[in-house]
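Visitor: quick one, structure for this:
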Amino acid sequence: MSASEKSDAPESTGTNGVSQWLGKVLNQLSLTSWMPAGMLVGVGALIIALHIQIATDPAGGFDLGKAISALTDNVLGTALVLLVAVILAATVTQAFAFGTIRVLEGYWSGTGPSGKLLRKRTSAMLRRRTLLEKQARQQWRAVFEGSRLAMRQAGIAPSFIAVMEDDFNSSPDIESSHLPEVIEAARKIPWLDFAPPALLQAAEATKQQLSEFPHPHRVLPTKLGNVIRSREDALVKDGYDLEGFVMRRYAQISPRLLAQHDDFRTRLDMYCTFVPVFVLLAVLAASLLSWPGGHYWIALAASTAFFCLSILSYRAAVASARGYTAALKAISVAAVSTA
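Guide: A predicted model of the protein is given here:
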């Protein structure tokens, strides 16, 4: 081996060692932590640049172009600082990601101020569930009344309609009140085909909302928690153990279904992480953009925008939870069909 080859060997090994170390570090950070971390660092750096701008020249006001230029004057140094900041932010957000999801689901402490909020929110969710049950009963009654009127106009025999009404009301005397052949014939008539479309759509919408609540004694204080728990309870009721549910059926899951499951789970984690990130940015904007200079309206507008983004992120998390739990249900069905 020549002298030049010997001198090159340690340098190559050192470079590979750093690359491998950096790769291992980055591999430990999930995709769901990168986007919130990037948002936190990027927007946070811009807010700080604007704060420095008005601190230097309070009378000059905000100049977004100058703030961006200040961040990009030293491209290499700025990129290095932002890269390190993003990695640190991603590490922190990932560390608290699971706890964030648990908080947004409603698993709070039962003592102190959080305990009072827990009881208040749970009671509100129970009232909402009770209201939906009452509303659903009224709407389905209206749907049946509309169907009964349409069936009469269509010439359906009154004896058949009477059987349908007893079925609708879950009458215990239906077998003794009607002839068996009349009951059999009446049950073959799909009375929902005669329902007014507008009334039926409203009733189905309420039914869907009600399905996103678990049983009353299992209600949680947040919408996200109730959506997930209602689906999980349905799987448990079907006899499934949720601990390691996907891992035990990994070999039975099609690649497409597994990809959908992972996609919705990734979105759920990411949007849940975005919620506190946008709240933190709202607080940062309110504090740094209002002082010095007294630009309170700009600070208020920026802070409000970030709070709105936090709410939208929570709604997106709820939508992702619906897809995630639907994927779990599909996995359970696939497991039964391949058993």
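Visitor: residues in contact with stretch 55-68?
Guide: Stretch 55-68 has contacts (C-beta atoms under 8 Å, 6 or more residues apart in numbering) with 46, 49-50, 53-54, 289, 292-293, 295, 298. Glycine gets a C-beta too; all of them are placed from N, C-alpha and C.
Visitor: take those residues and keep only those in helices.
Guide: If you go by DSSP state H, the contacts of stretch 55-68 have 46, 49-50, 53-54, 298 in helices.
Visitor: related to what we said a few turns ago, can you say which of the contacts of stretch 55-68 are buried?
Guide: Among those, those buried by neighbour count (16 or more other C-beta atoms under 10 Å) are 46, 49-50, 53-54, 289, 293, 295, 298.
Visitor: so which of these would you say is closest to Asp233?
Guide: Leu46 (44.3 Å; C-beta to C-beta).
Visitor: I'd say that closest one and Thr72 touch.
Guide: No: in this structure, Leu46 is not within contact of Thr72 by C-beta atoms under 8 Å, at 11.1 Å.
Visitor: remind me which residues of the stretch 201-339 of the chain are low pLDDT?
Guide: Counting by pLDDT under 70, the stretch 201-339 of the chain contains low-confidence ranges at 237-251, 293, 335-339.
Visitor: just the helices in it please.
Guide: Along the stretch 201-339 of the chain, the segments classed as helices by DSSP state H, counting those that start in this stretch run 223-237, 245-248, 255-288, 296-338.
Visitor: so which of the ones in helices among the contacts of stretch 55-68 is the closest to Leu40?
Guide: Using C-beta to C-beta, Leu46 comes nearest to Leu40 of the ones in helices among the contacts of stretch 55-68, at 11.2 Å.
Visitor: just to revisit the earlier point, from the contacts of stretch 55-68, which is closest to Ile87?
Guide: Nearest to Ile87 among these is Leu46, at 18.9 Å by C-beta to C-beta.
Visitor: how close does the closest one sit to Ala285?
Guide: 10 Å (C-beta to C-beta, to the nearest Å).
Visitor: burial of Val277, as a residue count?
Guide: Neighbour count for Val277, taken as other C-beta atoms under 10 Å: 24.
Visitor: report the contact partners of it.
Guide: Per C-beta under 8 Å, 6+ apart, neighbours of Val277: 36, 39-40, 93.
Visitor: how about the nearest residue in space to it that is not next to it in sequence, what does it touch?
Guide: Ranked by C-beta to C-beta, 6 or more residues apart in numbering and with sequence neighbours excluded, the top spatial neighbour of Val277 is Pro36, at 4.5 Å. Listed by C-beta under 8 Å, 6+ apart, the contact partners of Pro36 are 89-90, 93, 270, 273-274, 277.
Visitor: ok, now Pro221?
Guide: Contacts of Pro221 by C-beta under 8 Å, 6+ apart are 106, 108, 117-118, 120-122, 124-125.
Visitor: so which of the contacts of Val277 are in helices?
Guide: Among the contacts of Val277, the ones falling in helices (DSSP H) are 36, 39-40, 93.
Visitor: circling back to that earlier point, farthest-separated two in the buried ones among the contacts of stretch 55-68?
Guide: Leu46 and Gly293 (16.5 Å).
Visitor: next, the distance between the ends of stretch 145-162.
Guide: Chord length of stretch 145-162, first to last residue, is 12 Å (C-alpha to C-alpha, to the nearest Å).
Visitor: outside of that stretch, which residues touch it?
Guide: So stretch 145-162 is in contact with 164-165, 178, 182, 185-186, 189, 191-192, 194-196, 199, going by C-beta under 8 Å, 6+ apart.
Visitor: just the ones in helices from these, please.
Guide: 164-165, 182, 185-186, 199.
Visitor: list buried residues within the residues you listed.
Guide: Counted by 16+ other C-beta under 10 Å, the ones in helices among the contacts of stretch 145-162 give 164-165, 186, 199 as buried.
Visitor: can you list those in JSON lines and add distance to Leu83 and pLDDT?
Guide: Listed next are these as JSON lines, based on distance: C-beta to C-beta, whole Å; pLDDT from 0 to 100:
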{"residue": "Met164", "distance to Leu83": "68", "pLDDT": "95"}
{"residue": "Glu165", "distance to Leu83": "70", "pLDDT": "94"}
{"residue": "Ala186", "distance to Leu83": "72", "pLDDT": "94"}
{"residue": "Leu199", "distance to Leu83": "58", "pLDDT": "96"}
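Visitor: now for the residues you listed: which two are most distant?
Guide: Using C-beta to C-beta, the two most remote members of those are Ala186 and Leu199, lying 21.4 Å apart.
Visitor: hmm, back to that, any chance of the buried ones among the contacts of stretch 55-68 in a markdown table, plus distance to Ser211?
Guide: Formatted as a markdown table, these follow (distance: C-beta to C-beta, whole Å):
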| residue | distance to Ser211 |
| --- | --- |
| Leu46 | 43 |
| Ala49 | 48 |
| Leu50 | 46 |
| Gln53 | 52 |
| Ile54 | 51 |
| Leu289 | 44 |
| Gly293 | 52 |
| His295 | 47 |
| Ile298 | 44 |
